[in-house]
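# A structural model of the following input is requested.
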Amino acid sequence: MELGSVDFCVRVRYSALHSNSLNSHNRLLQSRLERLQMSLFPSLPNNSRLLDLFVRFPKNNRPLMTFINAVLRSEGELSIGQRELIAAYVSGLNACTFCLGSHKIYAKAFGIEEATLSSLLEDVDTASIDESMKPIFKYIQKLNTLPSRMVPTDSQAVFDAGWSETALFEAIEVCSVFNMMNRIVEGTGVNFDYNEDPAKHTIQSPSPDALANSYILHADKIEALVAQKSA
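Prediction:
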């Protein structure tokens, strides 16, 4: 690809970054739902969930869930709720309905109102969130869309808001993990929508204490289903 073509792609992505609004995200999500009514993998059921995918392909389930549990549930400078909010926000930017719906539920369990996520997707500047968090979400928004265009002023805005490098790295980890997870979901056609049926979520209790190791428990459940299937 010629340099001019690369610059054109960057300009398109930059334009998309600055035209983000809740309406545009809703259109992306609706388009995705209309396009994908069936899984892309014939071996997966319609309205498949991540559980179905990892029961079908269990090889790396345990290390993946262990890593995600460490990123989202370990002690950190960002609260668990803030990290789940970033996970849902990134998934919204990527129009990944499965991850958006799932992590919106997790974020709510850790004290984040659904309206907070909606306002972030509408406009970070006017979002109903603590002012100190806005530079982090602006950083994540740009990193998610234009990673090669990150500059020192982007990180300095986060530091000026009182956050450390550790806190920013935690946010970057979540953004990175969910770009991967969104692509695993979208690439295989996992298409269950928790917005339509939140009762099907793996959450058994809204208590934060009960969710302390939820991804490890998810790995346990997958391994038990795989063993049952093989018996």
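
# Every contact and neighbour count from this point should use C-alpha atoms.
Will do.

# could you say what helices and strands the longest helix seen in the chain packs with?
As assigned by DSSP state H, the longest helix anywhere in the chain is helix 165-188. For helix 165-188, the elements it packs on are helix 61-73, helix 80-93, helix 97-109, helix 134-145, helix 152-160, judged by 3 or more C-alpha pairs under 8 Å, 6 or more residues apart in numbering; DSSP states H and E.

# Kindly recompute the last result at 7 Å.
Packed against helix 165-188, as judged by 3 or more C-alpha pairs under 7 Å, 6 or more residues apart in numbering; DSSP states H and E, are the following elements: helix 80-93, helix 134-145.

# Mind checking those for the one nearest to E196?
Closest of the helices and strands packed on helix 165-188 to E196 is helix 80-93, at 15.8 Å (criterion: C-alpha to C-alpha).

# For that closest one, which helices and strands make contact with it?
helix 61-73, helix 97-109, helix 114-122, helix 165-188.

# Can you mark which positions in the last one are buried?
Neighbour-count burial for helix 165-188 flags 167-168, 170-179, 181-182, 185-186, 188 (criterion: 16 or more other C-alpha atoms under 10 Å).

# Run through this structure and note the low-pLDDT ranges.
Along the chain, segments meeting pLDDT under 70 span 1-38, 199-200, 204-206.

# Of all the helices and strands packed on helix 165-188, which one is nearest L40?
With respect to L40, and counting by C-alpha to C-alpha, the nearest of the helices and strands packed on helix 165-188 is helix 80-93 at 19.2 Å.

# if you compare the helices and strands packed on helix 165-188, which one is most tucked away?
Highest mean neighbour count of the helices and strands packed on helix 165-188: helix 80-93, a mean of 25 (counted as mean count of other C-alpha atoms under 10 Å).

# That helix vs helix 165-188, what angle?
40 degrees (axes from the mean of the first three to the mean of the last three C-alpha atoms, to 10 degrees).
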